[in-house]
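K.L.:
here's a sequence, model it:
(2 chains)
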Amino acid sequence: MKSAVEDRMAISKLLLPVRRRIMAQHYLEYLLRGLLAGLALSVAFLIISFIVPWLEVGQICLQTVLAAMLLALLLAWGSQPDLWQTACLVDNRGLKERVSTALELIDQESAMALRQRQDALEQLRAYDWRIHFPWTLPRFETRLLGAAILALALLCLLPNPQQEQIDRQLAINQEIKQQEKKIAALKKELQKKEQAVSDTQRQEAVKALQELQESLGQSSGLKTALQSLALAEEKLAALNEAELQRVEPGAAKSGVSPHDGKLAPLNERSNTAPKNADGDANSEQARTSKAAGEVSNSGRPSSNTQSNSAVLADLQRAVQGIGDARMALLGAASSPNAQLAAASGGRAGTGSDARSNQGASDGTNATAASGMEGNSDSPGSPGGSNSSGSVAGQQGTGNAGSGNSGSGNQAAGGNNPGSGSGPGAGQGSGNGDGSSGQESESTPMPGSGFPDMKSKAYEKIYDPERPGLNGESSVVRGKAGNGPQQNVEIDDPALMPGLLRPYQEVIGRYSQAARESLGRSSVPAGMNEVVKDYFSSLEEE
Amino acid sequence: MNIEDFAVRVKDIESEIARVMVGQKEIIRHTLICLLAGGNVLLEGVPGLGKTMLVKTISQVLSLEFKRIQFTPDLMPADIVGTSIISEEADGKRTFQFQAGPIFANLVLADEINRATPKTQSALLEAMQEKTVTVGPRTRELPRPFFVLATQNPLEMEGTYPLPEAQMDRFLFKLLVRFPDENELGSIIGMSSTSDLLELSKISDATELLTMRSLVQEVPVAERVNRRVVHMILASHPDHSLAPEKVRKYVRYGASPRGGQALLAGSKVRALMEGRYNVAFEDIEELAYPSLRHRILLNFEGEAEGIAVDDIIADILEATANG
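P.N.:
Below you'll find the model as predicted:
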């Protein structure tokens, strides 16, 4: 029995170097197969990326190759030959079943069995495993590997027809991340406020921002990001409305614009307040402006009112921050198409027209330009605003009333209150009709640009493109007016929704719009140089 | 006899036989393997290839008693096994006395065995399998070692009685004696006149032969080698899942378990002859042909298309190569 144990140990010891070589060869073959599988998948991915735009396909290919090799290593580890298999392999390559028979009959003590073990050990000692187990590459796998590398190199060298789309998507993603950070900061700031706003409302606002932040984090494209922004903006606007009504319950009923009092409507404020790309800076300026307006107009500030106003300012600032985020996203997509405009939906229209003066968006501008205009004539008060509605090719504009003219544009987008500012004393109001292909009318209304929610002076429309709400009926702020109508036909197919437009074709117009905005002082004085520098750099490119 | 001496002794025997038998090394080797494994050989070949010479030479080299039986259609079983005859003793008393037939020898050459009637052929069955002969009420042991070497002519089929499957199965090997090549033929023609005069050395004897047989039986067989043999036997049956395409198409009956035993027995001898103390796959692969070719029966389609059983065996070996 002792000899059997010794013989077994001796056989194991003699098989050790052979086993190492066999294992190395085994791992090599599995790694080759893993590499081959990874490269084959990478080639497939690259081919797909030539057909449809695929962001970060290179990184995915790299990860695929690494994962395939890791899997191959795991499989190799799971199937690595043990002592018995090594003995069988050695037998197959020269030792003619000597070792496996010896191992199998290790317990037998007959003369023949002992002689057989002795013979096996002698043969194993004389066995040159380097000759019998040379390093070899599997021929079939090696050929396939060469073909895969060749195909991969070819695909890497060939220009990707989807590269333009990929670059644009990368820019959008980068912008989404930035805006996500900004929204997070905004949310944090709003949470810190301890003002006379109901907890429920504050929580709702924070919740809306939280959802927005999460959805931005999960959004994979411009469309989803814009949808998230639009929904959050809508929620915040609704909160703003509720807060506004709570603060000034009689204002709407008496027909006096809240603008006359202490609170400027949301979007009016967003236009009148100095604008800044950064939401926080903008917020501060808006608050300052707001506070000044309260003192000068009413002359009866109260602590309660001030706190309510501050809440409103916060909410408005949040909305404006979202609007800025959307514009930044649209700016990142240098050539947005109708799909993007559709994604922005009615809410996107809000900022689109107002911000088209800043040259932010081409596609939405095109949308605003196409359609009809409605003009209204109505006496108004100084600081009156004009609103226009614009969705899917319609625009309603309201002009100032008698005496002084107020000018301003506000895209209502079907849902959003328009706002504008002008030096005139008159007050005009217009309500856009968001229905595609319908007339836009405006009636004399208080110049807030907000819909008359209390008198239910709004229409319901069906908007299949409305993001996130599955196209159910939604409220369109404003009411059809009696102003003159004008039909505009678009001859330029490039303006049609759904078409991509080259960067060079729109940059000039954007620059021009930016300069005009600078002239109209809708851009804060401190930001003039920034805007100029930005467009100058674009033109240089 | 030592284990180590086995290979040496067999080599000596082979060399001594080769002095008379020119060429036919494989036939000599396989015949010796069969003899050492305790089996019988069916030699198939045209006349004049030295089949009788081979058996005579083996008997001389091994110091064994040799008898030759020429099978003819009128040969009777009693002509082979012997018979009881009435003999008169000195006192006038008559008794039956057994007169042993030519089968009572160590080496029996059954020449042209397929010319005898099945009845006579069957007289060999008991002798080949049991190494005994029963005549009347008494069963008699045949001398040990007992070895039958039968020959048959594949060309002349008229007036012959093909061996039944049961009898074919008794032969350990079926060897095909090929025609010698040019050089071998030249040597054969040159020495034919002097071969009878050649004095052969007695390398071994019956006792040593039996010792060698007992040694052979101790040769270990690894489980995976044994499994290969099992798979081969199973694969020779057309209705088995291991059967290759040719077997399914052209085989009527596959090899019997006795075929597997024959294969392993012969492989053990071959292993020792090679100086190895275990059966290897190469033993199996070499001896699969002589041990299975007469046990695999072709169907009508196989016979009609002239399929060689050796090709089918090659397919079986290939099909079972990976376990």
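
K.L.:
buried residues in stretch B:104-119, which are they?
P.N.:
B:104-117 (16 or more other C-beta atoms under 10 Å in any protein chain shown). Yep, even glycine has a C-beta here, placed from its N, CA and C like the rest.

K.L.:
among those, which one lies nearest to chain A?
P.N.:
Distance to chain A across the buried residues of stretch B:104-119 (C-beta to the nearest C-beta) is lowest for B:Asn106, with 26.2 Å.

K.L.:
returning to that earlier point: could you work out the most separated pair of the buried residues of stretch B:104-119?
P.N.:
Pairwise distances across the buried residues of stretch B:104-119 peak at 26.2 Å for B:Asn106 and B:Thr117 (criterion: C-beta to C-beta).

K.L.:
which strands or helices does whichever strand or helix holds A:Leu124 pack on?
P.N.:
For A:Leu124, the host element (DSSP states H and E) is helix A:111-125. If you count contacts as 3 or more C-beta pairs under 8 Å, 6 or more residues apart in numbering or on different chains; DSSP states H and E, helix A:111-125 packs onto helix A:2-51, helix A:98-104, helix B:3-20.

K.L.:
then stretch A:56-69 to PDB, C-alphas only?
P.N.:
Extracted as PDB, the C-alpha positions of stretch A:56-69 are listed here (Å, rounded to 0.1, in the frame of the first residue of the first chain):
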ATOM      1  CA  GLU A  56     -19.800  55.400 -27.100                       C
ATOM      2  CA  VAL A  57     -19.700  52.300 -29.400                       C
ATOM      3  CA  GLY A  58     -15.900  52.300 -29.000                       C
ATOM      4  CA  GLN A  59     -16.100  52.000 -25.300                       C
ATOM      5  CA  ILE A  60     -18.800  49.300 -25.600                       C
ATOM      6  CA  CYS A  61     -16.600  47.400 -28.000                       C
ATOM      7  CA  LEU A  62     -13.700  47.600 -25.600                       C
ATOM      8  CA  GLN A  63     -15.800  46.500 -22.700                       C
ATOM      9  CA  THR A  64     -17.200  43.600 -24.800                       C
ATOM     10  CA  VAL A  65     -13.700  42.400 -25.600                       C
ATOM     11  CA  LEU A  66     -12.700  42.600 -22.000                       C
ATOM     12  CA  ALA A  67     -15.800  40.800 -20.800                       C
ATOM     13  CA  ALA A  68     -15.400  38.100 -23.400                       C
ATOM     14  CA  MET A  69     -11.900  37.500 -22.400                       C
END
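
K.L.:
buried sites along that stretch?
P.N.:
Under 16+ other C-beta under 10 Å, the buried positions of stretch A:56-69 are A:57, A:60-61, A:64-65, A:68-69.

K.L.:
thinking again about what came up before, tabulate the helices and strands packed on helix A:111-125 in a markdown table, adding columns for mean pLDDT, distance to B:Ile203 and mean neighbour count.
P.N.:
Output for those, formatted as a markdown table (pLDDT from 0 to 100; distance: least, C-beta to C-beta, whole Å; neighbours: other C-beta atoms under 10 Å in any protein chain shown):
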| stretch | mean pLDDT | distance to B:Ile203 | mean neighbour count |
| --- | --- | --- | --- |
| helix A:2-51 | 89 | 35 | 17 |
| helix A:98-104 | 91 | 28 | 26 |
| helix B:3-20 | 88 | 5 | 17 |
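
K.L.:
any idea how far whichever residue of the stretch 51-200 of chain B sits closest to chain A lies from B:Asp181?
P.N.:
Closest residue of the stretch 51-200 of chain B to chain A, C-beta to the nearest C-beta: B:Pro145 (20.8 Å). B:Pro145 sits 33 Å away from B:Asp181, taking C-beta to C-beta, to the nearest Å as the criterion.

K.L.:
ok, those two, which is more surrounded?
P.N.:
Using other C-beta atoms under 10 Å in any protein chain shown, the more surrounded residue of B:Pro145 and B:Asp181 is B:Pro145, with 19 against 9.

K.L.:
ok, the more buried one touching B:Leu209?
P.N.:
Yes - B:Pro145 lies in contact with B:Leu209 (C-beta atoms under 8 Å); the separation is 5.3 Å.

K.L.:
quick check: neighbours shared by the two?
P.N.:
B:35, B:64 (C-beta atoms under 8 Å, 6 or more residues apart in numbering or on different chains).

K.L.:
on that earlier part again, in the helix holding A:Leu124, what counts as buried?
P.N.:
Residues of helix A:111-125 classed as buried by neighbour count (16+ other C-beta under 10 Å): A:112-117, A:119-121, A:123-124.

K.L.:
and residue 208, how many residues sit next to it?
P.N.:
No chain was given, so I picked chain A. Applying other C-beta under 10 Å, we find 25 residues neighbouring A:Ala208.

K.L.:
my bad, chain B
P.N.:
B:Glu208, neighbours per other C-beta under 10 Å, totals 15.

K.L.:
the one helix or strand it maps to: how far from the chain's middle?
P.N.:
Assessed by DSSP H and E, B:Glu208 sits inside helix B:206-217. Centre-to-centre, helix B:206-217 and its host chain are 17 Å apart (C-alpha atoms, centre = their mean, to the nearest Å).

K.L.:
can you name the next helix or strand after that helix?
P.N.:
helix B:223-235.

K.L.:
tell me what that next one is packed against?
P.N.:
Going by 3+ C-beta pairs under 8 Å, 6+ apart, helix B:223-235 lies up against helix A:98-104, helix B:257-273, helix B:281-292, helix B:309-319.

K.L.:
so the spatially most central residue of chain B versus B:Leu234, what's the distance?
P.N.:
Relative to the mean C-alpha position of chain B, the nearest C-alpha, by C-alpha atoms, centre = their mean, is the one of B:Val41, at 1.1 Å. Going from B:Val41 to B:Leu234 by C-beta to C-beta gives 26 Å.

K.L.:
now A:Pro159
P.N.:
Where B:Leu234 is concerned, A:Pro159 sits at a distance of 61 Å (C-beta to C-beta).

K.L.:
check B:Ala123 too.
P.N.:
Applying C-beta to C-beta to B:Ala123 and B:Leu234 gives a distance of 33 Å.

K.L.:
who has more neighbours, these two?
P.N.:
Using other C-beta under 10 Å, the more surrounded residue of B:Ala123 and B:Leu234 is B:Ala123, with 22 against 17.

K.L.:
which parts of the stretch 51-200 of chain B are helices?
P.N.:
Secondary structure of the stretch 51-200 of chain B (DSSP state H, counting those that start in this stretch): helices at B:51-61, B:77-81, B:118-130, B:165-168, B:182-191.

K.L.:
which of these is buried the deepest?
P.N.:
helix B:51-61 (a mean of 22; mean count of other C-beta atoms under 10 Å in any protein chain shown).

K.L.:
what's the angle between it and helix B:3-20?
P.N.:
Angle between the axes of helix B:51-61 and helix B:3-20 is 130 degrees (criterion: axes from the mean of the first three to the mean of the last three C-alpha atoms, to 10 degrees).

K.L.:
what bridges to the closest residue to B:Gly101 other than its chain neighbours?
P.N.:
Using C-beta to C-beta, 6 or more residues apart in numbering or on different chains and skipping residues adjacent in sequence, the residue nearest B:Gly101 is B:Gly82, 3.5 Å away. Counting by DSSP bridges, B:Gly82 forms beta bridges with B:Ala100.

K.L.:
state the distance from B:Gly82 to B:Arg138.
P.N.:
As judged by C-beta to C-beta, B:Gly82 and B:Arg138 stand 11 Å apart.
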